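Trainee: when you get a sec, could you give me coordinates for this:
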Amino acid sequence: MKYLRSAVFCCLAVVLVLLLQVWFRQPSFSRCPGWFASCRERSYLFGYKIFEKGSRTEQAKLVFPQHPLDPLTFSEIARVHALVLNSSISLAEGKHAKLIRKVGGSKPNIFLHGVSLEEPDKEDVLTWKTGDPMLPRKASVILRIDVAIYRFVVDITHHIVESVEPHHGSGTPTLNFDDMNTASALPLQHTEFLEALKSRELDKEEVSCIPLSSGWYNVKEEEGKRLIKVQCYYAGGTSNYYMRPIEGITMVVDMNMKKIVKFIEHDHVPLPKAEGTDFSLSAQRGPMLKPLNTISLEQPDGPSFSVDGHYVKWANWEFHVKPDYRAGVIISQASIRDPETDVLRSVLYKGFASELFVPYMDPTEGWFFKTYMDAGEYGFGLQCMSLEPLNDCPRNAYYMDGIFVDADGKPYVRPNMLCIYESYAGDVAWRHTESPISDREIRESRPKTTLVVRVIASVANYDYILDWEFQTDGLIRVKVGMSGILMVKGTSHDSIREAAEANEELYGTMLAEKTIGVIHDHFITFYLDLDVDGTDNSFVQNKMIRKKTLDGTSLRKSYWGVQQLVAKSEDDGKVKLSLFKPADYVVINPKKRTKVGNPVSYKIVPGKTAGSLLALDDPPQIRGAFINNQMWVTPYNRSEEYAGGLYVYGSHGEETVSRWTRRDRPIEDRDIVLWYTVGFHHIPCQEDFPVMPTVTESFELKPTNFFESNPIVKTYPTYEKDLPQCSFSI
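Mentor: Predicted structure coming up:
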């Protein structure tokens, strides 16, 4: 009866879908939803955000923390804001003698750049159990008062400001939406820019401007200033204005003064044409590609995972998931249940995308500074847009909202910024079929189903798809997909031949007439606080070494063996990957062993990656020194979480994982953190125009002697009778 009901339900659903396709017209893309990139206010490209005025906000106001690592709630953020505004601190500077007071007519300009949970001490979180009193709730607040920068720690539980730390070094906080909106709007009020548009016969109503982080190049007159460079694009017949740069104009905005302080017109390049640049469905002309038949994962009994607040349980896995304004998503306390002992064993205390580094390879005036650090400069999570059901995430996905804070301290909801779903793509978990030369008939196979946690950050033109994928065999796969739109450069040439005749270096690939896709890199560095069956671990390189046979002992002349090197200090934990120096990179628990004596461990399995080709003394590489190695290992330190430093914007690179490891601290048999970088070299090609097909790279955390044997041997195969039966004809 159960399967009959499922079959009837499935058939009715299919019929309904077919009828809907007939009854309803295609949606009007002239009135597209506000969260589509092409629907954002042109002058406010980066400033887009969703303020949920209705049920989402009301629901968010009723949420309370259930776990010590849960993100701040609406009510907690309101209390934090009030406590900060009502606090006072004394400094030597006269005008800041009482820096923050209750809101009044003489208050200084106060702008928030980041409000997030100040996590409890790790030891306290590890000992906390469901049902225990909630650990004290605290908030980390990064704010700017006029030009001064501070980090507040606010104890929400006890209603006090616990500490105030002024920032005196280089670098400033993540840009907030006030910064981005202001910088984007200023050009259309600037006389020189308006005159330049007029000379080019361009309509200002078709212009979109974007704020670009200016980097750091040791220029004396720029020191101590918060500068944003702004460049503009022209729509004029396309929603994909990125393909029509107003090349040759750059404006420098002083964000403390909120004005354009420098207008640079270094070239006058014709606009690329609009034809062929629009990728929206409504803009397509001529016959469309024949559609594939729809594939849908049916789960008549519902999904196999559960979400309680931010705590996820699936198969043998349990973990905490948290939206974050800077990292996008943070995975915490990932543990797996041992099939033999039924004990939940720790694997990963905390993992997230710590920093991105995206340097472009064009040293000319309008391009040399384009060396972005997207997480620390723009906020990877702030740029995570609402996910599109059925296209960004499959059917039966669970969606989670993010709660972020505006520059004025008001919280807002980013709905559906994260999704969790089960995935089955026809992969095999394990199998064996006996060879026909044997008289044994053995055919055993098991399907592979995984659980995926996904966010997608649209950082201006680029879209980053970040997945944390969990397998029942204990493996965690971290995937980074890239799509979106290339950042292109305008040129007066219509072909490679013309550019060659003019002896002009393109710094990229000619994608279309007057359009160059500039070559560049993408590096994503992950923070991985692995706690393999406990907090005290060691990092081991199992190097594969060629060995030669002794004369006369074998017809073989060589083979390879394993040389085990235990990292004693941070210098030993620095790894540059090489095909010709292979090794397994393993985090072991030296105090825990299997029955036969192997230390329990997890292996870091690199995927395809890339290393930087920039000179080590190049200013962008000094700031991005965290990618000088593909792996680093550091002792756990709660203040060292961001590979490029806490204050990245305009920093000089003095607070990076590269600097921290110069101390060469001990890392053997203690709580350690591993840093791994996924890298892409991108030479654009014409297939990337006008929008890029997704390219994906990954790495894996794989159990290695963690279990006594294959932990998923005792799983059932799938039979036809287990599936909903549904058939129809037209």
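
Trainee: excluding chain neighbours, what is closest to Val605?
Mentor: Glu700 (4.0 Å; Cβ to Cβ, 6 or more residues apart in numbering). Placement of C-beta: from N, CA and C, glycine included.

Trainee: cool, Pro166 as well?
Mentor: The shortest distance from Pro166 to any non-neighbouring residue, by Cβ to Cβ, 6+ apart, is to Tyr150 (5.4 Å).

Trainee: the one you found is in what secondary structure piece?
Mentor: strand 148-155 (DSSP states H and E).

Trainee: tell me which residues in that strand are buried?
Mentor: For strand 148-155, burial by neighbour count (16 or more other Cβ atoms under 10 Å) applies to Ile149, Tyr150, Arg151, Phe152, Val154, Asp155.

Trainee: just these now: which is nearest Asp427?
Mentor: Distance to Asp427 across those (Cβ to Cβ) is lowest for Arg151, with 45.1 Å.

Trainee: that's a strand at Asn181, yeah?
Mentor: No. Secondary structure of Asn181 (DSSP: H, G, I helix; E, B strand; the rest coil): helix, not part of a strand.

Trainee: partner strands of the next helix or strand after the strand holding Tyr150, parallel or antiparallel?
Mentor: Sequence-wise, the next helix or strand downstream of strand 148-155 (DSSP H and E) is strand 160-166. Counting by DSSP bridges, the strands paired with strand 160-166 are strand 148-155 (antiparallel).

Trainee: contacts for the partner strand, please.
Mentor: Contacts of strand 148-155 from elsewhere in the structure, counted by Cβ atoms under 8 Å, 6 or more residues apart in numbering, are 80, 83-84, 87, 91, 93, 96, 99, 118, 136-144, 160-167, 172-173, 646-647.

Trainee: filter the residues you listed down to just the ones in helices.
Mentor: Val80, Leu83, Val84 (DSSP state H).

Trainee: hmm, the last one is touching Ile142, no?
Mentor: When you say that, I think you mean Val84. No. The pair Val84 / Ile142 is not scored as a contact, 10.9 Å apart, by Cβ atoms under 8 Å.

Trainee: quick one: least confident helix or strand in this protein?
Mentor: Lowest on mean pLDDT, DSSP states H and E among the helices and strands of the chain sits helix 2-23, with a mean of 43.

Trainee: look at Leu550 and report its pLDDT.
Mentor: For Leu550, the pLDDT comes out at 90.

Trainee: rewinding a little: and the contacts of strand 148-155, which of them are buried?
Mentor: Buried subset of the contacts of strand 148-155 (neighbour count, 16+ other Cβ under 10 Å): 80, 83-84, 87, 96, 99, 118, 137-144, 161, 164, 167, 172-173, 646-647.

Trainee: state the distance from Phe111 to Asp146.
Mentor: Per Cβ to Cβ, to the nearest Å, Phe111 is found 9 Å from Asp146.

Trainee: pick out whichever of these two has more residues nearby.
Mentor: Using other Cβ atoms under 10 Å, the more surrounded residue of Phe111 and Asp146 is Phe111, with 19 against 14.

Trainee: helix or strand: which one has that one?
Mentor: Using DSSP H and E, Phe111 falls in strand 110-117.

Trainee: now the helix or strand just after that strand: buried residues?
Mentor: Using DSSP H and E, the next helix or strand after strand 110-117 towards the C-terminus is helix 122-127. By neighbour count on 16+ other Cβ under 10 Å, the buried set for helix 122-127 is Lys122, Val125, Leu126.

Trainee: quick check: mean pLDDT of stretch 606-620?
Mentor: 97.

Trainee: which regions of this structure lie under the pLDDT threshold?
Mentor: Scanning the chain for pLDDT under 70 picks out 1-54, 89-108, 438, 726-730.

Trainee: switch the cut-off to 50
Mentor: For the chain, residues meeting the criterion pLDDT under 50 lie at 1-4, 8-9, 11-53, 90-105, 730.
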